[in-house]
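Peer 1: whatever this is, show me its structure:
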Amino acid sequence: MTAAEVRRAFLEFFRERNHEIVASSSLVPANDPTLLFTNAGMNQFKDVFTGLEQRPYKRATSSQKCVRAGGKHNDLDEVGKTPRHHTFFEMLGNFSFGDYFKEDAITWAWELLTKVYQIDASRMCVTIFGGDPSLDGVSPDDEARAIWKRVTGFSDDRVIGLGAKDNFWQMGDTGPMGPCTEIHYFMDGKPSAWPTQDPASWKGWLEIWNNVFMQFERRIAGGPLFPLPAPSVDTGAGLERVTSVVQGVKSNYDTDLFTGILKLAAELSGKQYGADVDADTSMRVIADHARCSAFLIADGVFPDKTGREYVLRRIFRRAVRHGGKLLGIKQPFMHEVCARV
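Peer 2: Model (predicted):
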């Protein structure tokens, strides 16, 4: 499947289950001064989750363009060095606003991954919220554990309970939040053992899906948690990651989302992608930053000296530096790479 087919299959799967397909919102968040950029699929639904906004549907699905390059969610310095980090990415999501909850969310996630995408179930495990002293009054998610075991046939050791750092999701210091359950895929063939609470045991495992069960809202930073009007579901599945698994490649940059852009970067530099570690890093930086720049500019953000405009300026300048100083590209090139996006 191409990345476009992965995206289309996701949206169609949930449309067939009575979800409204909602277009991606702008990368510039509307009416939310706490966010520099849209960084998750649920951003545009924040007021729906908290009950401040009503929409004519209770179920939605989207492929949301996101940027994480400033503030708390900042991946900029890692981009190009790893197979997964990006400034710009797409987040596939399905959302329930007080409609279905854990049972359907988990069942549909497993069905889509194993039946539609045909991902090998023997290479997957899941995590749930196992409790945390920092969240007084929030119990371990034994309900999600029981559902996973029933839906998948997993034994207890394939349903790993982790703390708040890994399995309690929050958009920011305030707003909707709740326990989450993640699906992980082993990238290096058949796993010889299942991971545990030991971080070292997670080598080779890739998170490909996150179901957040929105049950709480924090109204002021550091304040108490309030129950939401109706428990809801917020799913996040990175298009780039899911596509890498479906296409059987080790790096997001080896998917068809990036290969065409990397080919152009290689042509412009006169180098071969895959022949030199440092040059490969620079080409990945250019590919990622061209995608980010193109989509930010399309949403009305232009390089400048303050705020989100300054972040774009840094991103664009970093790509130019990697192309000019590190790859030896003499002529202006970013307009060509952005056009390839």
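
Peer 1: low-scoring stretches of the stretch 51-200 of the chain, by residue?
Peer 2: Low-confidence segments of the stretch 51-200 of the chain, defined by pLDDT under 70, span residues 70-75, 171.

Peer 1: do that again at 90, thanks
Peer 2: 51-52, 69-78, 134-138, 169-177 (pLDDT under 90).

Peer 1: hey, where'd the strands end up in it?
Peer 2: With DSSP state E, counting those that start in this stretch as the criterion, the stretch 51-200 of the chain has strands at 59-67, 69-70, 73-74, 88-96, 124-129, 159-162, 168-170, 175-186.

Peer 1: now distance to His289 too, for the ones you listed, in TSV please.
Peer 2: To be clear about C-beta, it is placed using only N, CA and C from the backbone, and glycine gets the same treatment. Shown next, in TSV, are the strands of the stretch 51-200 of the chain (distance: least, CB to CB, whole Å):
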stretch	distance to His289
strand 59-67	11
strand 69-70	9
strand 73-74	14
strand 88-96	8
strand 124-129	32
strand 159-162	33
strand 168-170	27
strand 175-186	27
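
Peer 1: ok, which of those strands comes nearest Phe258?
Peer 2: Closest of the strands of the stretch 51-200 of the chain to Phe258 is strand 88-96, at 11.1 Å (criterion: CB to CB).

Peer 1: now the strands of the stretch 51-200 of the chain as a markdown table including mean neighbour count and distance to Asp142?
Peer 2: Conversion of those to a markdown table gives the following (neighbours: other CB atoms under 10 Å; distance: least, CB to CB, whole Å):
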| stretch | mean neighbour count | distance to Asp142 |
| --- | --- | --- |
| strand 59-67 | 23 | 26 |
| strand 69-70 | 24 | 38 |
| strand 73-74 | 15 | 30 |
| strand 88-96 | 25 | 21 |
| strand 124-129 | 24 | 8 |
| strand 159-162 | 20 | 9 |
| strand 168-170 | 21 | 15 |
| strand 175-186 | 23 | 11 |
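
Peer 1: so for Pro199, which of these sits nearest?
Peer 2: Among these, the nearest to Pro199 by CB to CB is strand 159-162 (9.9 Å).

Peer 1: so which elements touch that closest one?
Peer 2: With contacts taken as 3 or more CB pairs under 8 Å, 6 or more residues apart in numbering; DSSP states H and E, strand 159-162 sits against strand 124-129, helix 142-152.

Peer 1: for these, give me a markdown table that also has distance to Thr2.
Peer 2: Output for the helices and strands packed on strand 159-162, formatted as a markdown table (distance: least, CB to CB, whole Å):
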| stretch | distance to Thr2 |
| --- | --- |
| strand 124-129 | 22 |
| helix 142-152 | 28 |
